[in-house]
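In: Could you look at this predicted model? Sequence included:
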Amino acid sequence: MAHSIDPKKLFISLTTRLSEAIGVIDRGVAQIALVVDDDHRLLGTVTDGDIRRGLLKSMTLDMPVEYVMQRKFRSLRGSDSESDALKLMRLHGLHQIPVLDDHGRVLRIHLLEKLLHLPGRPNAVVLMAGGRGERLRPLTSDCPKPMLPVGGRPILEIILRQCVEAGFGHFYLSVNYLKQQIIDHFGNGSRWGVKIEYLEEEMPLGTGGALSLLPSNLVDPVLVMNGDLLTRVDFNHLMHFHHEYAAEVTMCVREHMTQIPYGVVQLDGTTVRGFQEKPAISHFVNAGIYVVSTNVLTLLQPNTHCDMPLLLERVNHQPGRIRAFPIHEYWLDVGQHDMLLRAHGEWT
């Protein structure tokens, strides 16, 4: 069949580590790994979202996939048609579905994108590029922070190229400080085969307030990203995660370890219960990348300053409206001199 792929490239075993499963998922176009036995019988499926949910539950990338795999999966029979596949995927919101023989062995896998012949993503991208970059002075005295070069290209262009490769074609750049340099470099986007428009802030509006300048006729969720980040995150995985949870906002989070430089004493009143010598505490921190459903934009006042945390507080009065998408890929906030120096050494 023309719209299926070789499933053997997606096969892994129960003992495959999560880190190895990520490699299988990232190298393929199916965004899934298939857990099979020695006879290629399907035992379960693993998606990027399954792994990220495991990370949020304190699992590590060295653990086997059996801890996160989906044992209850939907499948088709070998006699089912592509029309049957498309109908089932639309009914259950699936992006891929395996086809099995009478013994449960994997014959092939169908992909929704190929069945629909999708040309690219309809979602707009907003790149926040209006900050003054005070912590990077004097480098930002006459250059906007997102235009500082890393590896021979401005950071903002690196981000734009990554989004283009992921299928995005419509961009809004939020600009304020030294905005003409950004506008002159990117123009209308024709150089990259995309459309670029500008959200020109008369005054700094914050990461949330700038979204109030978007046109009111947008329908699909919007990818929003700070313009000073370097990351290898897969934006297609992120958009699929947002759709899977039907979230209002999906926030990318990054695990950050804080090392306590002292021995921590555990007390019960005045009684010493135990000790921990210089423990490391793990937190998930905001990674500056979001997917925002367009109805959230109605919570903003036009041309009124609003940082993203405040907007999220307005959204979060109902459980489940904001979802966390943990980033295990490379991520670096290029906001200080030491981080910029690190970027020059690490980014290729």
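Out: Right, received. Where do you want to start? Since we're looking at a predicted model, the values are computed, not measured.
In: Where does the prediction get shaky in the protein?
Out: For the chain, the stretches with pLDDT under 70 are 1-5, 116-119, 318-320.
In: The residue most central in space within the chain: which element?
Out: Taking CA atoms, centre = their mean, the centroid of the chain lies closest to Leu238, which sits 3.5 Å from it. Counting by DSSP states H and E, the element that carries Leu238 is helix 235-245.
In: how about that helix: buried residues?
Out: Phe235, Asn236, His237, Leu238, Met239, His240, Phe241, His242, Tyr245 (16 or more other CB atoms under 10 Å). Quick note: C-beta positions are derived from backbone N, CA and C, even for glycine.
In: now, which of the residues you listed sits nearest Pro221?
Out: His242 (5.9 Å; CB to CB).
In: how about the closest one, what does it touch?
Out: Counting by CB atoms under 8 Å, 6 or more residues apart in numbering, His242 touches Pro221, Thr250, Val291, Ser293, Arg323, Phe325.
In: now Glu201
Out: Gly130, Ser174, Val175, Asn176, Ala210, Leu213.
In: picking that back up, okay, among the contacts of His242, which ones form the most distant pair?
Out: Checking those with CB to CB, the most distant pair is Ser293 and Phe325, at 14.2 Å.
In: which of those two has more neighbours?
Out: Using other CB atoms under 10 Å, the more surrounded residue of Ser293 and Phe325 is Phe325, with 24 against 19.
In: State the three-state secondary structure for the more buried one.
Out: Under the three-state scheme (DSSP: H, G, I helix; E, B strand; the rest coil), Phe325 adopts strand.
In: Number the chain from 49, please
Out: Okay, residue one is now 49; in that scheme the one you just asked about reads as Phe373.
In: the helices in the chain, which residues?
Out: Assigned by DSSP state H, the helices in the chain fall at 66-75, 96-104, 130-140, 160-164, 203-213, 227-234, 254-257, 283-293, 356-363, 385-394.
In: and Leu358, how far is that from Val113?
Out: From Leu358 across to Val113, the span is 39 Å (CB to CB, to the nearest Å).
In: more crowded one of the two?
Out: Counted by other CB under 10 Å, Leu358 and Val113 do not tie: Val113 has more neighbours, with 26 against 15.
In: Identify the residues contacting the more buried one.
Out: The contact partners of Val113, by CB under 8 Å, 6+ apart, come to Ile60, Leu62, Thr64, Arg65, Leu66, Ala69, Ala81, Val83, Gly92, Val94.
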